[in-house]
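Visitor: Need coordinates for the below:
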Amino acid sequence: MPYFDLPPMISKMLSVAEDISDLNFTVGKPPQAEVNGKLLPVPIRGMDQLKPYHTEIIALSLIGENPEACRKLLQNGAVDISFSLPNRVHFRVNIFQQRGNFSIVMRVIPSKVPTLASLGLPLYLGDISKLRNGIVLVTGPTGSGKSSTLAAIIDQINENISKFADGKKIRYLNINKQLADNTGKLFEGMFNRDKLHLNVEGYQVWADALKPIFTELLGPPANEDHAPLPTGDPSTGKRTAATL
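Guide: Prediction:
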């Protein structure tokens, strides 16, 4: 049960600027919004400088009724969870202990996949989407845009595939539509409690979507079949992309 109404405070922090990448809560500092690598203090009444009990209350409010997340936080000193303002924004949240106090970083997950142009990146990076073999690593410090860059490249790969998909020889599967609705709200029963990782039922969506195609191309499956890993496997020699 949350100790106070957290969504209005988060909404106020999101209103201070556009293109906010993170919301930060650290003891001894005011609540901060990160924009283009710069931290902007956000005036919140009674929180000019966050006290230990402030960040503890915020952490508990974000965790809510998730005993597994509480266990991981107490056992490991850190935990990753998800949080959302319905029909507005989703966050990937990291709660960790620092010098005996809780700190929170809330990474904004964009509702739209960025393009290379919108990120101000060289368009020739799009050539990565045409690679057939090898490993692509996007590296950089925290908040530098690794995941956004990789998302733009993967979305271009998907667009390239969809242009040639005719439903017969080549098929384009948007499995995400089977995991979340049009507003981005995750369907119940597809993810673990942290809402970041697929559970067995979620992986089964991949298997069920791909099974008809593999059956047509390769014949009926064996007695045991397994859902393929969505992130790829470099040991196969095929193109694999990741951040580091």
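Visitor: tell me the domain boundaries of the chain?
Guide: The chain is divided into the following domains under automatic domain parsing: 6-109, 123-243.
Visitor: Could you report the neighbour count for the closest residue to Ile63 other than its chain neighbours?
Guide: Distance criterion CB to CB, 6 or more residues apart in numbering; nearest residue to Ile63, sequence neighbours excluded, is Ala69 at 4.8 Å. Placement of C-beta: from N, CA and C, glycine included. With neighbours defined by other CB atoms under 10 Å, the count for Ala69 comes to 20.
Visitor: Lowest mean pLDDT across the domains of the chain, which one is that?
Guide: Looking at these, the lowest mean pLDDT belongs to domain 123-243 (a mean of 68).
Visitor: Report the beta-bridge partner residues of the residue nearest to Pro52 when sequence neighbours are not counted.
Guide: Closest residue to Pro52 apart from its sequence neighbours, by CB to CB, 6+ apart: Asn101 at 4.8 Å. Using DSSP bridges, the bridge partners assigned to Asn101 are Gln98.
Visitor: ok now do Asn101, which residues does it touch?
Guide: Contact partners of Asn101, counting by CB atoms under 8 Å, 6 or more residues apart in numbering, are 27, 52, 55-56.
Visitor: Dihedrals phi and psi, the residue nearest to Ile63?
Guide: Torsion angles at Ala69 (phi, psi; degrees, to the nearest 10) stand at phi -70, psi -40.
Visitor: Which residue ranges of the protein form strands?
Guide: Remark: strands assigned in the chain by DSSP state E are 20-25, 32-35, 38-41, 78-85, 89-98, 101-109, 135-138, 240-243.
Visitor: Can you give me the neighbour number for the closest residue in space to Lys51 that isn't next to it in sequence?
Guide: Leaving aside its sequence neighbours, Lys51 sits nearest to Val27 (CB to CB, 6+ apart; 6.7 Å). Burial measure for Val27: 18 neighbouring residues, criterion other CB under 10 Å.
Visitor: and Val27, what is it in contact with?
Guide: Applying CB under 8 Å, 6+ apart to Val27 gives the contacts 50-52, 54-55, 98-99, 101-103.
Visitor: would JSON lines of these with distance to Lys146 be doable?
Guide: Written out in JSON lines, the entries for the contacts of Val27 read as follows (distance: CB to CB, whole Å):
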{"residue": "Leu50", "distance to Lys146": "28"}
{"residue": "Lys51", "distance to Lys146": "33"}
{"residue": "Pro52", "distance to Lys146": "32"}
{"residue": "His54", "distance to Lys146": "30"}
{"residue": "Thr55", "distance to Lys146": "26"}
{"residue": "Gln98", "distance to Lys146": "23"}
{"residue": "Arg99", "distance to Lys146": "27"}
{"residue": "Asn101", "distance to Lys146": "28"}
{"residue": "Phe102", "distance to Lys146": "26"}
{"residue": "Ser103", "distance to Lys146": "21"}
